[in-house]
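>>> Structure of the sequence below:
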Amino acid sequence: MKMKMKKYLLVACALGLTACGSSTPETPFPGEFANADYVLSDTDAQKWVAMSNQTAQCIYPNLTRIQKEHFSKEDAYIHAQYVLFYPLEEIIGEQYVKIIQNDEKSMGYAQYQFKRFKDQPAEVESLTKAQCETLRAKARDDLAVVKGQYKSGMVEETKSEPKNTDGVATGENKFFFDIIKWGSALLL
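From the prediction side, this is the model:
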């Protein structure tokens with residue numbers, strides 16, 4: 001009886017280990033990326049794909065493949081920053097993005113992961129309309145700067161002077177008021 005029990009226990013353990021081991025097939029790590037300074041996890045890669053897709057839809061909602069292929073250098077740079085690097089930076093942090101950018105193997109592995117999960121993005125919280133508008137405005141301003149146009153990073157204050165509707169010495173008729181004042185001084 002004890003011998004039969006041991007056989008059943010041995011068979012159950014073997015089946016249990018086999019069942020647990022085959023639930024998620026592991027993708028082997030590509031050898032060409034061995035010794036990369038930073039290895040982007042599958043989970044982070046899926047989040048990156050999702051956030052990248054959201055950002056692209058926000059900033060470039062009408063972008064066609066042909067338009068993208070004919071981007072100027074400045075447009076391509078802004079697209080890469082906003083659609084690829086900024087979302088990744090939000091997930092793993094600026095320090096690790098710099099490591100990826102400075103290491104060819106890490107960059108290659110990040111690209112591999114992005115392509116691998118391009119059709120399997122993670123579920124992430126959608127951007128609001130206000131967030132999209134802010135992203136679009138920042139990208140537009142940064143593109144202008146990259147193209148050599150000056151844009152101040154400071155908040156510009158607009159001075160609103162109260163309108164004087166009585167018509168005396170206002171901004172609209174100040175010139176004429178001065179002419180009348182000088183003319184009357186000459187006559188006296």
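>>> drop to CA atoms for contacts and neighbour counts, all remaining ones
OK.
>>> which regions of this protein sit below the pLDDT cut-off?
For the chain, the stretches with pLDDT under 70 are 1-26, 155-188.
>>> Can you give me the end-to-end span of stretch 54-70?
One end of stretch 54-70 to the other measures 22 Å (Cα to Cα, to the nearest Å).
>>> burial measure for the spatially closest residue to residue 150 that is not a sequence neighbour, as a count.
With Cα to Cα, 6 or more residues apart in numbering as the criterion, residue 150 has its nearest non-adjacent residue at 7.4 Å, and that residue is residue 144. If you count neighbours by other Cα atoms under 10 Å, residue 144 ends up with 15.
>>> Look up how far residue 51 lies from residue 144.
24 Å.
>>> quick one: the helices in this protein?
2-21, 42-59, 65-69, 73-79, 86-92, 94-102, 104-116, 129-146, 174-187 (DSSP state H).
>>> For residue 146, which residues are in contact?
Shown in contact with residue 146 (Cα atoms under 8 Å, 6 or more residues apart in numbering): residue 74.
>>> I meant to write residue 100 there.
Counting by Cα under 8 Å, 6+ apart, residue 100 has contacts 37-38, 106-107, 110.
>>> go with 10 Å
By Cα atoms under 10 Å, 6 or more residues apart in numbering, the residues touching residue 100 are 36-40, 94, 106-110.
>>> Residue 32 now?
105, 108-109.
>>> can you pick the most crowded of these?
Busiest of the contacts of residue 32 [other Cα under 10 Å] is residue 109, holding 22 neighbours.
>>> Much appreciated, bye for now.
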